[in-house]
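>>> show me the folded form of this:
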Amino acid sequence: MKQTSFYPGPSTIHPSIPSLVKDAYDTGILSVNHRSSDFMELSFAAKSQLRSQLNVPDEYDVIFISSATEAWEILPQSLTSKTSQHFFNGAFGLKWAYTTENLGVEVIKSPFDANESLPTDQINSLADWLCVTACETSNGTMVDQNVLQELFSRRLPHQLIAVDATSALGGVILNFQLADYWFASCQKCLGLPAGLGLLIVSPAAIERGLLLGERSHYNSFLKLVENARKEQTHYTPNVLNIYLLWRTLASGPSIEVTDRRLRDRMARLNSIIQSNGALDWLVSDAYLRSPTVITLKISDPMELKERALTQKMILGNGYGEWKENTVRIANFPAMGDIQFQIFMEWISNL
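As a prediction, the model looks like this:
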């Protein structure tokens, strides 16, 4: 029996990946130059599917990058004149803030508790960018789109919003109009092998890039945009993952269907957890929980993980300050409903 990985990224990949890899090899696309017409057609097809399946606005540019971590660097080096404000309640939001700070940008840190909503009333007028982590993978929290709407409404005219959507993009409905700089890696909700990132930017973000005019890095934002608008890339890209992105999106359901499916699985799991004395939610308020990364408190995480392994299930470690008392479970779309049902039945019998 094959092991099932519930690790929250890299995680279980889309079940069609093996046959699609062979298809990619057979077509010859893996050997084409990334300035060629064949690659440009693939780039256009993949971006078109992304727009269609995830409701990305036509006026937003889609750019292929190496990872979400690269997007952490592009924002301060190319799009920030002086200051950014980072709202965070976990390890990855904090790492983003530190990365920005290390690149010479003044960072206003606005931490909040995992069991509290993002404080939209704490916007600092000095910030050029307001930075938000949509789903904090370290603790299983999510900033609801209504909260993002409130942040959008409260921001000052000169302020733009950046969203790390790494554990959200492809799993939940996102209103892209509420932010200017969205980014994610593809090894989580999009169900691909690691090695591809997506950057989705508004016309306002591009205007900011033109205003600052930064071009001193290989991945300077303006170079990315110019290449993307030609359906090319600023560096030799992960052609295989772009091909897999196109094919899996083309055969997959709409984001509305996926969102409902993940939330339904989350609701069924919640019923089990409420009747199980051995486990509890790290995030007590259901409104603040991510539908894609489940984080559960338990006295002995290692013992639970070892028991799961006997059932051919790999659970994720706790992370950061919650490493010693939690496990994390991916509720990503590539995980089949039957696999998730087996996991829930096992949990219910603990």
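
>>> got the contact list for the nearest residue to residue 299 once chain neighbours are set aside?
Closest residue to residue 299 apart from its sequence neighbours, by C-beta to C-beta, 6 or more residues apart in numbering: residue 325 at 7.2 Å. (C-beta placed from N, C-alpha, C; glycine too.) Going by C-beta atoms under 8 Å, 6 or more residues apart in numbering, residue 325 touches 297, 298, 299, 301, 318.

>>> can you rerun that using 7 Å?
Counting by C-beta atoms under 7 Å, 6 or more residues apart in numbering, residue 325 touches 297, 298, 301, 318.

>>> can you list those in CSV and add neighbour count?
Formatted as CSV, the contacts of residue 325 follow (neighbours: other C-beta atoms under 10 Å):
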residue, neighbour count
297, 18
298, 18
301, 21
318, 21
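
>>> could you dump these into TSV with pLDDT and distance to residue 60 added?
Output for those, formatted as TSV (pLDDT from 0 to 100; distance: C-beta to C-beta, whole Å):
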residue	pLDDT	distance to residue 60
297	94	38
298	92	41
301	94	40
318	95	35
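
>>> narrow those residues to those in strands?
residue 297 (DSSP state E).

>>> from the contacts of residue 325, pick the one nearest residue 102.
When the contacts of residue 325 are compared for distance to residue 102 (C-beta to C-beta), residue 318 wins out at 25.8 Å.

>>> what ranges does the stretch 201-350 of the chain have for its strands?
Secondary structure of the stretch 201-350 of the chain (DSSP state E, counting those that start in this stretch): strands at 280-281, 293-297, 313-314, 316-317, 326-330.

>>> of these, which is nearest residue 169?
So among those, strand 293-297 is nearest, using C-beta to C-beta, at 13.0 Å.

>>> residues making contact with that closest one?
8, 135, 137, 139-140, 167, 269, 273, 279-283, 322, 325-331.

>>> residues of that strand that come out buried?
Using 16 or more other C-beta atoms under 10 Å as the test for burial, strand 293-297 gives 293, 294, 295, 296, 297.

>>> identify the bridge partners of the last one.
Going by DSSP bridges, residue 297 is paired in beta bridges with residue 280, residue 326.

>>> in PyMOL, how would I select just the buried ones from the contacts of strand 293-297?
Listed next is the PyMOL selection for buried residues among those, using 16+ other C-beta under 10 Å:
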select buried, resi 8+135+137+139+140+167+269+273+279+281+282+283+322+326+327+328+329+330+331
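
>>> and the pLDDT at the residue nearest to residue 299?
pLDDT for residue 325: 94.

>>> can you lay out the buried residues of strand 293-297 as JSON lines showing distance to residue 79?
Shown next, in JSON lines, are those (distance: C-beta to C-beta, whole Å):
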{"residue": "293", "distance to residue 79": "28"}
{"residue": "294", "distance to residue 79": "33"}
{"residue": "295", "distance to residue 79": "32"}
{"residue": "296", "distance to residue 79": "37"}
{"residue": "297", "distance to residue 79": "38"}
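
>>> can you give the domain ranges for the protein?
The record's domain parsing of the chain by automatic domain parsing lists 4-13+254-348, 17-251.
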